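Engineer: Coordinates for the following, if possible.
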Amino acid sequence: MLWWALAFGPDLDGNATAVGAAANVVVLGIAARNRTPISFWQFTRHGLVVTAATVALAAPYLWLRYLM
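Structural biologist: Here you go, the predicted model:
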């Protein structure tokens, strides 16, 4: 279970902020190049929602899979 938790943590938490993952930085650069800039706080507002949803799905999965 610890291995899965260690895999889920960094993978899912990288979605929270613009600098959490390299892909996020690339998306911000592409958006700015196309004259649709996304601010750090705008990205973080949406990213925290996505992160909360994915963690809310992953935590019960780990609990049901390994502790039941």
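Engineer: name the helices or strands packed onto the top helix by length along the chain?
Structural biologist: Longest helix of the chain, by residue count under DSSP state H: helix 40-67. Other helices and strands packing on helix 40-67, by 3 or more Cβ pairs under 8 Å, 6 or more residues apart in numbering; DSSP states H and E, are helix 2-13, helix 22-33. Placement of C-beta: from N, CA and C, glycine included.
Engineer: relative to helix 22-33, how tilted is it?
Structural biologist: Angle of helix 40-67 versus helix 22-33, following axes from the mean of the first three to the mean of the last three Cα atoms, to 10 degrees, is 150 degrees.
Engineer: what about helix 40-67, average pLDDT?
Structural biologist: Averaging pLDDT along helix 40-67 yields 92.
Engineer: how far out from the middle of the chain is that helix?
Structural biologist: 7 Å (Cα atoms, centre = their mean, to the nearest Å).
Engineer: Pull out the buried positions in it.
Structural biologist: Buried residues in helix 40-67, counted by 16 or more other Cβ atoms under 10 Å: F43, T44, G47, T51, V55, A58.
Engineer: Roughly how far does the first one sit from N15?
Structural biologist: Relative to N15, F43 is positioned 10 Å away (Cβ to Cβ, to the nearest Å).
Engineer: Between the two, which contacts overlap?
Structural biologist: Common neighbours of F43 and N15 (criterion: Cβ atoms under 8 Å, 6 or more residues apart in numbering): N24.
Engineer: hang on, the earlier thing: kindly reformat the helices and strands packed on helix 40-67 as a markdown table and extend each row with mean pLDDT, distance to R65 and mean neighbour count.
Structural biologist: As requested, the helices and strands packed on helix 40-67 are exported to a markdown table (pLDDT from 0 to 100; distance: least, Cβ to Cβ, whole Å; neighbours: other Cβ atoms under 10 Å):
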| stretch | mean pLDDT | distance to R65 | mean neighbour count |
| --- | --- | --- | --- |
| helix 2-13 | 82 | 8 | 12 |
| helix 22-33 | 95 | 27 | 12 |
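Engineer: Out of these, the one nearest Y66 is which?
Structural biologist: Closest approach to Y66 among the helices and strands packed on helix 40-67 (Cβ to Cβ): helix 2-13, 7.5 Å.
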